[in-house]
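Q: With the sequence up front, the predicted model follows.
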Amino acid sequence: MGTVIGGPFGTVVKGLVDYILMPNIGRITDGVSFSDKFFVLKEEVPEGALLENESKIGEVNVLTYGNFITAFISFLALAFVLFLVIKKFMGTLQKAEEKHAPSEEVVLLTEIRNAPKN
């Protein structure tokens with residue numbers, strides 16, 4: 001059940017981060033785009049590697065820390081929203097328990113009723 005709800009929920013939060021939060025963060029940081037941030041680990045490409053698998057060369061030789069920053073912000077947004085949802089749910093459960101809990105008067109009358117038995 002959690003996977004059915006969590007998948008689309010994660011997609012919505014990722015969209016919120018990618019299309020709403022990150023452009024505003026870019027505006028605050030004077031147009032810095034985190035997706036363009038990377039470190040080059042190795043300048044030269046080994047011979048024959050280009051022929052084998054072109055996509056793996058970029059992954060091995062470049063460390064894209066900007067994508068990690070975006071993913072981390074997405075995680076924080078998702079964690080915050082889940083925290084709010086769980087907090088609201090727990091508050092609702094506590095109210096339901098308080099509603100069904102006996103009042104102080106009922107507890108006192110129960111103690112008075114049970115006193116002669118002791």
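A: It's in. Keep in mind it's a predicted model, so treat the numbers as computed, not measured. Numbering: from 1, shown residues only.

Q: center of the protein - which residue?
A: Computing the C-alpha centroid of the chain and ranking residues by C-alpha atoms, centre = their mean puts residue 78 first, at 2.4 Å.

Q: SS state for the nearest residue to that residue once chain neighbours are set aside?
A: Nearest residue to residue 78 in three dimensions, chain neighbours excluded: residue 13, at 4.5 Å (C-beta to C-beta, 6 or more residues apart in numbering). (Each C-beta comes from the backbone N, C-alpha and C, glycine too.) Three-state call for residue 13 (DSSP: H, G, I helix; E, B strand; the rest coil): helix.

Q: so how far is residue 31 from residue 13?
A: Per C-beta to C-beta, to the nearest Å, residue 13 is found 24 Å from residue 31.

Q: Neighbour count for the two, which is higher?
A: residue 13 (20 against 8; other C-beta atoms under 10 Å).

Q: looking at it, that one is touching residue 74, isn't it?
A: Yes - counting by C-beta atoms under 8 Å, residue 74 is a contact partner of residue 13 at 6.3 Å.

Q: This structure: strands as residue ranges?
A: 39-40, 62-63 (DSSP state E).

Q: any chance of those in TSV, with distance to residue 110 and mean neighbour count too?
A: Shown next, in TSV, are the strands of the chain (distance: least, C-beta to C-beta, whole Å; neighbours: other C-beta atoms under 10 Å):
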stretch	distance to residue 110	mean neighbour count
strand 39-40	70	9
strand 62-63	68	14
